[in-house]
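Undergrad: Build me a model from this:
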Amino acid sequence: MTNASVPGDAGGFERRARENQLGRSANLEPTYDFIVCGAGAAGSVIAGRLAENPACSVLLIEAGPTDEVESVMDPALWPTNLGTDRDWGFQAEPNPHLGGRALSMSMGKGLGGGSSVNVMVWARGHRSDWDHFAAKTGDDGWNYGSVLDIYRRIENWQGKPDPAYRGTSGPVWVQPAKSPSPIASALLEAAEGLGIPRFDHPNGEMMEGVGGVAYTDMLVREGRRHSLFQAYVRPIADRSNLTILTGTLVRRVLFDGRRATGVEIERAGTVSAIKAGTEVVISTGAINTPKLLMLSGLGDREELERLGIPVLQHLPGVGRNLQDHVSFGCTWEYREPIAPRNSGSEAKLYWKSRPDLTEPDLLFCQVEFPVPSERTAVMGVPAHGWTMFAGLARPYSRGRIRLKSADPAAMPVVDANMLSDPRDLEAARACVKLCREIGSSDAFRPFVQGERIPGANRPIDDSFIRDAAVTYWHQCGTAKMGTDDMAVVDSRLAVNGINGLRIADGSVLPRVTTGNTQAPCAIVGERAAAIIRRQYGL
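TA: So this is what the prediction gives:
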């Protein structure tokens, strides 16, 4: 795969690609070999990999708009996309474990999905995550060694050479934070002072043991966002075998018996059907994927019958096992304003809530501006400051996605159920304690004049934790792979009991990975594409 479209436009590639896609989307074929639903992190990888074969026709369907806008491409503007038409705008149910709060659950909507609106962090997950997935599926193709080989193959690493862990010839441009803020440097120094080891980058040895601290790896190229759509699909958008359809909602999957044969779509107010000659791949994310499955008759029998949806396949795990990283932000005020650099999040720390743990269960992302919750904001938000966006990397709490109605336009019911497991509250206390130790260290004294949220003199109690809790937007697990009765897909990501239908996004992960989920979703996409190509000899 080349990077023909970036940087620059040598040979008029962008014009050819734009004209090609305008023509192809205006004149849709009745049948495509593969229909990929969702142009997010995993869907973009799959569509790009399948379309590399010119004999294979691919339709990539995205509900949201194009990514060719400044709010997407300028790394510093990522927060401006939240709450816009580039955000699905999901709202969780009121949670008694958060004092009745109903959290906003943003999710990317548009070409690139989350990889076009997120903080651009590239975090591979811990060794134990991938070995856990291999154990749950009985497939060594998911283990750490196998996945490390994929990461090396797909990366175009721009940092200090590390051939044991990093690749330099793949489509995904990954670089360490350029000229990081002195605040990021202070975090590394403060962590080291507490006995937390420092590493050259966070995606190698650091994620094989108890954790550590490092500057962030990010998908930014020449000062512009390098989403997974930009990495995998944009460079081949001029091909005649690839059609990219935006502004199109997939309403349900269509079947002939137990074989998926296509999808029903809604585009510009018109409902129609498109056939898939070989497979339909669902990559619509951990909230929309179970919704689409249930609307298509795949899910818990009782849930479907309650809404009058004919049951095609009883899959009780659909929508269950919902997980997310939950964060508790502590904020410090600057002595003098310090402008955010890069994405405004340039340092990462993984550590453990208890000394006896052998793997990190806490996740820390430094944010170079204040990030309060709607409740902690009343404590007083400084005009200039930084936040330790810190939370649980290995939550025990589990939530669920349900349908509100059989109407495809209706929002699903998101019961996030955060902090419902007492073990999560215990880890949260340790998390906030470590935040405050880091922020009050000598390393920060030249830059900050005091802790403002929760406030230096305020003892930490569970009410602060419940008030501060917000999502990392790392939802996953709602159509998990495995061999148990609650598994929705097998190790090849094929839907149990159904032919011609595969799921490839964060919903298939049995548990949320240790860190941001963009990179693991790229692995899911790579694995899915490789499995498909082997199965059909592509």
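
Undergrad: what comes up buried for stretch 453-463?
TA: Neighbour-count burial for stretch 453-463, with 16 or more other Cβ atoms under 10 Å as criterion, is recorded at Ile453, Pro454, Ile460. Quick note: C-beta positions are derived from backbone N, CA and C, even for glycine.

Undergrad: what is the rounded mean pLDDT of it?
TA: For stretch 453-463, mean pLDDT is 90.

Undergrad: Which one of the buried residues of stretch 453-463 is nearest to Arg225?
TA: Ile453 (28.9 Å; Cβ to Cβ).

Undergrad: Would you mind measuring from that closest one to Glu305?
TA: Note on Ile453: its distance to Glu305, by Cβ to Cβ, to the nearest Å, is 47 Å.

Undergrad: Gly285 too?
TA: For Gly285, the distance to Glu305 - Cβ to Cβ - is 26 Å.

Undergrad: Likewise for Pro337?
TA: The gap separating Pro337 from Glu305 is 59 Å, by Cβ to Cβ.

Undergrad: With Asn457 instead?
TA: For Asn457, the distance to Glu305 equals 56 Å [Cβ to Cβ].

Undergrad: Tell me which of Gly285 and Glu305 has more neighbours.
TA: Gly285 (29 against 11; other Cβ atoms under 10 Å).

Undergrad: wait, doesn't that one sit right on Gly113?
TA: Yes - counting by Cβ atoms under 8 Å, Gly285 sits close enough to Gly113 to count as a contact (6.8 Å).

Undergrad: Overlap of the contact sets of those two?
TA: Overlap of the contact sets of Gly285 and Gly113 (by Cβ atoms under 8 Å, 6 or more residues apart in numbering) consists of Gly38, Gly40, Met107.

Undergrad: show me the contacts for the first one.
TA: Contacts for Gly38 were tallied using Cβ under 8 Å, 6+ apart; they are Ile61, Glu62, Ala63, Gly113, Val250, Ile282, Ser283, Thr284, Gly285, Asn288, Asp505.

Undergrad: of those residues, buried ones?
TA: Among the contacts of Gly38, those buried by neighbour count (16+ other Cβ under 10 Å) are Ile61, Glu62, Ala63, Gly113, Val250, Ile282, Ser283, Thr284, Gly285, Asn288, Asp505.

Undergrad: and the gap between the second one and Lys109?
TA: Shown here: Glu62 relative to Lys109, a distance of 8 Å by Cβ to Cβ.

Undergrad: buried stuff in stretch 526-536?
TA: So stretch 526-536, judged by 16+ other Cβ under 10 Å, has buried residues Glu526, Arg527, Ala528, Ala529, Ile531, Ile532.

Undergrad: Go ahead and name everything in contact with that stretch.
TA: 34, 42, 45-46, 49-50, 53, 141-142, 150, 154, 278-279, 281, 492-493, 502, 504, 538.

Undergrad: and with 7 Å instead?
TA: Residues outside stretch 526-536 that contact it (Cβ atoms under 7 Å, 6 or more residues apart in numbering) are 45-46, 49-50, 141, 150, 154, 278-279, 281, 492-493, 502, 504.

Undergrad: can I get those residues in JSON lines with secondary structure and neighbour count?
TA: Listed next are those as JSON lines, based on DSSP: H, G, I helix; E, B strand; the rest coil; neighbours: other Cβ atoms under 10 Å:
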{"residue": "Val45", "secondary structure": "helix", "neighbour count": "31"}
{"residue": "Ile46", "secondary structure": "helix", "neighbour count": "30"}
{"residue": "Arg49", "secondary structure": "helix", "neighbour count": "24"}
{"residue": "Leu50", "secondary structure": "helix", "neighbour count": "26"}
{"residue": "Gly141", "secondary structure": "helix", "neighbour count": "15"}
{"residue": "Ile150", "secondary structure": "helix", "neighbour count": "18"}
{"residue": "Ile154", "secondary structure": "helix", "neighbour count": "23"}
{"residue": "Thr278", "secondary structure": "strand", "neighbour count": "19"}
{"residue": "Glu279", "secondary structure": "strand", "neighbour count": "21"}
{"residue": "Val281", "secondary structure": "strand", "neighbour count": "31"}
{"residue": "Arg492", "secondary structure": "coil", "neighbour count": "16"}
{"residue": "Leu493", "secondary structure": "coil", "neighbour count": "25"}
{"residue": "Arg502", "secondary structure": "strand", "neighbour count": "25"}
{"residue": "Ala504", "secondary structure": "coil", "neighbour count": "29"}
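
Undergrad: Which of these sits closest to Ile183?
TA: Ile154 (30.9 Å).
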